[in-house]
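Asker: quick one, fold the following:
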Amino acid sequence: MLFLADLPLPIQERVTCSVIASVKYRVPTNIMLAVAEKEAGKPGLWSRNSNGSYDVGSMQFNTAYLNDLARYRITAADVAAPGCYSYELAAWRLRQHISKDSGDIWTRAANYHSRTARHNAAYRVDLMRKASKWADWLESRFPISDIKRSEPVAAMPAASGGAMLLPKGYSAGVGGAIPAPAYVPRMLLTSRGAKEK
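Answerer: Model (predicted):
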């Protein structure tokens with residue numbers, strides 16, 4: 001893929017899988033890429049945590065979450081395997097945190113790592129830095145559209161075939177609503193059709 005040519009080979013799978021998963025689960029692409037970079041896992045990697053759980057695979061998916069997924073026959077081996085599946089599970093989990101947890105969007109996304117305040121705060125600061133870097137990277141490679149709305153909109157608006165990018169400094173408040181008039185996060189446009197400004 002031409003837009004990945006400037007990235008080292010080991011990172012190309014991470015970026016490709018993160019973008020695909022972010023679109024599928026409607027997670028801001030720059031946040032998904034930032035979490036993937038922060039987790040910095042690789043297929044087959046098992047990292048033991050102080051609480052006895054393990055972080056597994058490319059997205060360092062915590063085994064504590066696998067208990068809930070066992071009814072779907074999702075195992076640690078599935079999460080540890082190479083390919084995009086672990087990114088999809090991570091995007092699904094991020095989507096749950098972003099849509100259901102409290103706090104601003106960065107706190108909710110940092111819940112992927114920990115809900116413990118001090119661990120979340122440290123992760124959050126670096127997550128914001130990395131997400132800003134990835135937003136710039138994405139903007140230089142994909143068509144982006146700024147959309148203005150006069151009515152209140154959800155902090156995570158759904159767009160047919162697109163993934164959301166949060167602009168630098170953007171923060172959705174508790175409850176996820178943006179007061180009117182609002183700036184809607186920049187939309188990553190796909191080949192399914194461009195949005196008009």
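
Asker: report how many residues lie close to residue 103.
Answerer: Counted with other C-beta atoms under 10 Å, the neighbours of residue 103 add up to 18. Backbone N, C-alpha and C define where each C-beta goes, glycine included.

Asker: tell me, what residue is most central in this protein?
Answerer: The centre of the chain sits closest to residue 32, judged by C-alpha atoms, centre = their mean, with a distance of 2.2 Å.

Asker: name the nearest residue to that residue, ignoring sequence neighbours.
Answerer: With sequence-adjacent residues excluded and distances taken as C-beta to C-beta, 6 or more residues apart in numbering, residue 32 is closest to residue 22, at 3.9 Å.

Asker: next one: residue 90
Answerer: Spatial nearest neighbour of residue 90, chain neighbours left out: residue 59 (3.8 Å); criterion: C-beta to C-beta, 6+ apart.

Asker: where does this protein dip in pLDDT?
Answerer: 1-3, 5, 143-197 (pLDDT under 70).

Asker: where do the helices sit along it?
Answerer: Secondary structure of the chain (DSSP state H): helices located at 9-25, 29-39, 63-69, 76-80, 85-100, 105-110, 117-139.

Asker: please export the C-alpha coordinates of the first one as PDB.
Answerer: This means helix 9-25. What follows is helix 9-25, C-alpha atoms only, in PDB (Å, rounded to 0.1, in the frame of the first residue of the first chain):
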ATOM      1  CA  LEU A   9       7.700  -3.200   7.700                       C
ATOM      2  CA  PRO A  10       6.900  -4.300  11.200                       C
ATOM      3  CA  ILE A  11       4.600  -1.300  11.700                       C
ATOM      4  CA  GLN A  12       2.700  -1.700   8.400                       C
ATOM      5  CA  GLU A  13       0.500  -4.500   9.800                       C
ATOM      6  CA  ARG A  14      -0.200  -2.500  12.900                       C
ATOM      7  CA  VAL A  15      -1.300   0.500  10.900                       C
ATOM      8  CA  THR A  16      -3.300  -1.500   8.300                       C
ATOM      9  CA  CYS A  17      -5.100  -3.500  10.900                       C
ATOM     10  CA  SER A  18      -5.800  -0.500  13.200                       C
ATOM     11  CA  VAL A  19      -7.300   1.600  10.300                       C
ATOM     12  CA  ILE A  20      -9.500  -1.300   9.200                       C
ATOM     13  CA  ALA A  21     -10.600  -2.000  12.800                       C
ATOM     14  CA  SER A  22     -11.300   1.600  13.600                       C
ATOM     15  CA  VAL A  23     -13.600   1.900  10.500                       C
ATOM     16  CA  LYS A  24     -15.400  -1.300  11.400                       C
ATOM     17  CA  TYR A  25     -16.000  -0.400  15.000                       C
END
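
Asker: any idea of the angle it forms with helix 29-39?
Answerer: Put simply, helix 9-25 runs at 140 degrees to helix 29-39, going by axes from the mean of the first three to the mean of the last three C-alpha atoms, to 10 degrees.

Asker: for helix 9-25, name the packing helices and strands.
Answerer: Applying 3 or more C-beta pairs under 8 Å, 6 or more residues apart in numbering; DSSP states H and E, we find helix 9-25 packed against helix 29-39, helix 85-100, strand 163-165.
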